[in-house]
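Visitor: coordinates for the following, if possible.
(one chain, ligands or ions: 2)
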Amino acid sequence: MSEKKIKLYFDCDTGIDDAMALGYLLAESDKVDILAIGTVCGNVAADAGARNTLELARLAGFPAIPVAVGERDYLRQAYLCDVQHIHGDNGIGDIALEASHAKLAPLSAPDLLVELARAHPGELDILATGPLTNIAKALQLEPALGELIGTLTIMGGAALAPGNRTPVAEANIACDPEAAAMVFKAMKNIVMVPLDVTMSHTFEEADRLKLLSAESRFAQAIGQMLERYIQFYINTYGRKACALHDPVAAVLAVQGIGACLAPNVKVTIDDSDGPGRGQTLCDMRGRYMNYPPQRDANCHVVLSTELNMSELLLAKLLSLA
Ligand code: BDR
Ligand code: CA
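Guide: Ligands and ions are numbered 1, 2, ... in the order given. The predicted model follows:
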């Protein structure tokens with residue numbers, strides 16, 4: 001008997017690794033139905049992210065997925081792009097993709113998310129690979145969002161690992177700590193995919209070359225974008241390689257966390273103006289007793305996985321149109 005398909009709302013800031021996550025999700029279209037994609041400011045402005053998403057979806061052969069523009073600023077701070085050195089000026093490594101003629105969804109991303117959650121109570125999962133502003137806005141519109149959805153998988157945060165935006169804060173959470181604080185306070189069904197696990201899974205230059213020489217046009221485009229991304233990561237890894245942040249979260253949103261060390265713990269967000277701003281405060285005190293149950297737990301924090309993410313992701317990207 002065939003398993004029921006996952007119904008997914010994908011919230012992203014497309015972004016090179018968001019593009020890889022999208023490619024993975026589309027390659028898993030027998031397991032997951034993307035009901036809509038919402039974009040949020042982050043790696044690029046929300047409108048530019050939506051354009052990238054439409055172009056990538058067209059390239060992969062899925063031109064009809066609804067794409068909605070979301071929040072153009074963070075809850076408390078105006079958006080300012082400062083990651084051109086990582087993702088390029090256009091968010092996708094400054095490569096040019098053929099324009100999509102598909103129209104944007106008529107609703108904003110938070111409105112669309114709320115509409116979908118109400119239409120599919122208990123059945124809609126969310127994957128968020130950008131700042132959490134759209135999800136927080138959706139919570140303002142529908143405070144029961146946490147009860148209406150299945151699982152919210154988030155790429156973001158750092159539990160025991162260092163941050164990447166500040167010594168303690170990861171970029172997606174650091175961009176909008178107020179939004180993240182709201183989400184972690186209101187929802188209990190969160191899977192957090194932090195730097196602890198995403199930094200341990202990489203594409204190497206050899207993987208990039210395989211993508212570049214692939215038949216798949218989508219895979220080729222990713223190979224081109226990765227030149228910029230890998231260039232940035234040389235200073236982190238000391239070799240030509242890059243982290244697989246958003247795709248790791250996408251894989252876990254589809255395959256679940258059965259093959260992961262992912263204790264269920266209480267996570268709160270530092271939204272103060274102090275040096276800890278943007279830190280995910282994860283209660284990992286159970287570490288030495290195999291993480292006994294915590295009564296106030298709201299989040300599975302993925303620390304590691306047995307899945308070979310790079311092998312899996314490469315195979316899926318190569319399988320695209
Ligand atoms: C996260 O920040 C963004 O730059 C990436 O797309 C990823 O979602 C990693 O910290
Ligand atoms: Ca992202």
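Visitor: so, low pLDDT: which residues of the protein?
Guide: In the predicted model of the chain, residues 1-2 satisfy pLDDT under 70.
Visitor: need the residues of it near ligand 1, please.
Guide: The chain comes close to ligand 1 at residues 15, 17-18, 43, 83, 129, 155, 164, 170-172, 245-246, as judged by CB under 6 Å from any ligand atom. Where C-beta positions appear, they are placed from N, C-alpha and C, glycine not excepted.
Visitor: which of these fall within helices?
Guide: Among the residues of the chain next to ligand 1, DSSP state H puts Asp17, Asp18, Ala171, Asn172, His245, Asp246 in helices.
Visitor: what is the nearest of those residues to Ala186?
Guide: For Ala186, the nearest member of those is Asn172. The distance, counting by CB to CB, is 17.5 Å.
Visitor: so who does the residue nearest to that closest one when sequence neighbours are not counted touch?
Guide: In this structure, Asn172 finds its nearest non-sequential neighbour in Gly156, 3.8 Å apart by CB to CB, 6 or more residues apart in numbering. By CB atoms under 8 Å, 6 or more residues apart in numbering, the residues touching Gly156 are Ala128, Leu132, Glu170, Ala171, Asn172, Ile173, Ala180, Met192, Val193, Pro194, Thr280.
Visitor: redo that, cut-off 7 Å
Guide: By CB atoms under 7 Å, 6 or more residues apart in numbering, the residues touching Gly156 are Glu170, Asn172, Ile173, Met192, Pro194.
Visitor: which ones, among the ones in helices among the residues of the chain next to ligand 1, also lie beside ligand 2?
Guide: Counting by CB under 5 Å from the ion, Asp18, Asp246 from these sit close to ligand 2.
Visitor: now for the ones in helices among the residues of the chain next to ligand 1: which two are most distant?
Guide: Farthest-apart pair in these is Asp18 and Ala171; separation 12.1 Å (CB to CB).
Visitor: who has more neighbours out of those two?
Guide: Comparing Asp18 with Ala171 by other CB atoms under 10 Å, the one with more neighbours is Asp18, at 33 against 22.
Visitor: okay but that one is in contact with Pro247, surely?
Guide: No. Asp18 lies out of contact with Pro247 (CB atoms under 7 Å); the separation is 8.9 Å.
Visitor: sheet partners, orientation included, of the helix or strand harbouring Phe10?
Guide: Per DSSP states H and E: Phe10 is located in strand 6-12. Counting by DSSP bridges, the strands paired with strand 6-12 are strand 32-39 (parallel), strand 124-128 (parallel).
Visitor: and those strands, which is most packed in?
Guide: Highest mean neighbour count of the strands paired with strand 6-12: strand 124-128, a mean of 26 (counted as mean count of other CB atoms under 10 Å).
Visitor: could you confirm whether that one reaches ligand 2?
Guide: No. Strand 124-128 stays clear of ligand 2 (CB under 5 Å from the ion), getting no nearer than 8.8 Å.
Visitor: alpha carbons of that strand, as PDB, please.
Guide: Provided in PDB are the C-alpha atoms of strand 124-128 (Å, rounded to 0.1, in the frame of the first residue of the first chain):
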ATOM      1  CA  LEU A 124      -0.100  20.400   6.900                       C
ATOM      2  CA  ASP A 125       3.600  20.300   7.700                       C
ATOM      3  CA  ILE A 126       5.800  23.400   7.500                       C
ATOM      4  CA  LEU A 127       9.500  23.600   6.500                       C
ATOM      5  CA  ALA A 128      11.100  27.000   7.200                       C
END
